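S.K.: need a structure here:
(one chain, ligands or ions: 1)
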Amino acid sequence: MKMPSLSVEGRVAIVTGARRGMGAAISIALAGAGADLAISDIVADGGELEAVAEKIEALGRRVITIKADATRKREVDHLVKRASDELGFVSILVNNAGGIKPDENKPADVPFHEIPEEDWDRSYDNNFKTCFLCCQSVIKRMVESKKGGSIVNLSSVAAEPRGRGTAYHIGKAAVTRLTSGLAHDYGKFQIRVNAIEPAFTRTEMARNVWESAEVLKQYQALIPLGRIAEPEDIAGLVLFLASDASGFITGQSIVIDGGFLLPHSYEVPDLLAPIKKHRTLSGPKD
Ligand SMILES: NC(=O)c1ccc[n+]([C@@H]2O[C@H](COP(=O)([O-])OP(=O)(O)OC[C@H]3O[C@@H](n4cnc5c(N)ncnc54)[C@H](O)[C@@H]3O)[C@@H](O)[C@H]2O)c1
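M.R.: Numbering: from 1, shown residues only. Predicted coordinates:
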């Protein structure tokens, strides 16, 4: 019997948006499990991407850093070509680039009927087009090689039906939908495509959730596990989906939220109380 394994020894992975936050944690986790990495980000000149690369090298893996805006096809194709030419066949893709920029209007601040078209396009493209372009470029090579592969897309609990109608929420819902569609279309090529849907995680994007102890406490109260996620929590699920341990899973969007989306607990009246009372008085005990 073959034992399930989280090893990705000798495989090549691309991670977008890798300079910090979840992308950095995911890259380091994949390297720790044996992968060589092409790590990429739209911001590559502040030293953060290089610092992630150093950690990967310290784990004994090969790594290249590539500056690329994942909303631009030419830059994405260049990223995928360099990763393939310099490291070898790319069998793992993690579409992590995205989020809400600090200078962007918070989705809650602007009602749908007043969102400027360019703001909508920027946010939607950053969260969906990034995923679409990277999938397209990597899947082309996976199909040609006949070697298959595993793709993990960063969606969000924002994609779930109770999410709102902002470009971020709709972009993430599109990521979730693209995931199941591609899994359906490319399963015959042994290409698995899954998404993960995190809730509040301790990264720059969600700084307003954890920066103030008082606000953090309010969020924690909404989460049955009593804490927000750390980037390493997210990295663990991505590693599972990238590895052969999840070899029969495709087309899924897996919520990782500490129980946040579970129906909130509520008090149920004890409808059996009158019966119990009667049985205690005159009937046999349980
Ligand atoms: N933090 C959360 O609570 C949370 C929850 C659900 C989903 N997510 C998703 O997880 C992913 C990672 O977010 P994070 O929390 O680590 O945020 P983050 O802001 O720390 O990291 C996002 C990274 O993506 C990069 N990036 C953004 N647009 C890009 C583009 N067009 N091309 C290339 N790189 C780009 C940024 O420069 C940054 O390094 C995002 O897709 C985000 O939407 C985050």
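
S.K.: around the ligand, which positions in the stretch 151-286 of the chain sit nearby?
M.R.: By the rule CB under 6 Å from any ligand atom, the part of the stretch 151-286 of the chain lying against the ligand is 154, 156, 198, 200-201, 203-206. Where C-beta positions appear, they are placed from N, C-alpha and C, glycine not excepted.

S.K.: give the ChimeraX command for selecting the buried subset of the residues you listed.
M.R.: To isolate in ChimeraX the members of these that are buried, counting by 16 or more other CB atoms under 10 Å, one can use:
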select :154,156,198,200,201,203,205,206
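
S.K.: narrow the residues of the stretch 151-286 of the chain next to the ligand to those in strands?
M.R.: If you go by DSSP state E, these have 154, 198 in strands.

S.K.: pLDDT (mean, whole number) over stretch 171-188?
M.R.: Averaging pLDDT along stretch 171-188 gives 98.

S.K.: quick one: low-confidence parts of the stretch 1-150 of the chain?
M.R.: Confidence mapping of the stretch 1-150 of the chain against pLDDT under 70 gives the ranges 101-108.

S.K.: okay, helices next: where are they in it?
M.R.: Assigned by DSSP state H, counting those that start in this stretch, the helices in the stretch 1-150 of the chain fall at 21-32, 48-58, 73-87, 117-124, 130-145.

S.K.: longest helix in this structure, please.
M.R.: helix 167-186 (DSSP state H).

S.K.: angle of that one against helix 130-145?
M.R.: For helix 167-186 against helix 130-145, the angle by axes from the mean of the first three to the mean of the last three CA atoms, to 10 degrees is 10 degrees.

S.K.: list the contacts of residue 219.
M.R.: For residue 219, the contact set (CB atoms under 8 Å, 6 or more residues apart in numbering) comprises 200, 209-210, 228.

S.K.: quick check: it is in a strand.
M.R.: No: assessed with DSSP: H, G, I helix; E, B strand; the rest coil, residue 219 is helix; it does not lie in a strand.

S.K.: enumerate the residues of the stretch 1-150 of the chain near the ligand.
M.R.: Residues of the stretch 1-150 of the chain lying near the ligand (CB under 6 Å from any ligand atom): 16-17, 19-23, 41-43, 69-71, 96-99, 126-127, 130.

S.K.: buried subset of the residues you listed as a PyMOL selection?
M.R.: Of these, the buried ones go into a single PyMOL selection, burial set by 16+ other CB under 10 Å:
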select buried, resi 16+17+19+20+21+22+23+41+42+69+70+71+96+97+98+99+126+127+130
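
S.K.: contacting residues for the closest residue in space to residue 66 that isn't next to it in sequence?
M.R.: Distance criterion CB to CB, 6 or more residues apart in numbering; nearest residue to residue 66, sequence neighbours excluded, is residue 40 at 4.6 Å. With contact set as CB under 8 Å, 6+ apart, residue 40 has these partners: 14-18, 49, 65-68, 70, 79, 97.

S.K.: next: residue 22.
M.R.: Going by CB under 8 Å, 6+ apart, residue 22 touches 96, 154, 198, 201, 203, 231, 234-235.

S.K.: repeat that with 6 Å
M.R.: Taking CB atoms under 6 Å, 6 or more residues apart in numbering, we find residue 22 in contact with 96, 231, 234.

S.K.: quickly name whichever of those residues is closest to residue 7.
M.R.: Set against residue 7, the nearest of those by CB to CB is residue 234 (19.4 Å).

S.K.: tell me the phi and psi of the closest one?
M.R.: Backbone torsions of residue 234, given as degrees, to the nearest 10, read phi -70, psi -40.

S.K.: give the burial count for it, as a bare number.
M.R.: Counted by other CB atoms under 10 Å, the residues lying close to residue 234 total 23.

S.K.: can you tell me the closest non-neighbouring residue to it?
M.R.: Using CB to CB, 6+ apart, the nearest residue to residue 234 is residue 22, at 4.8 Å.
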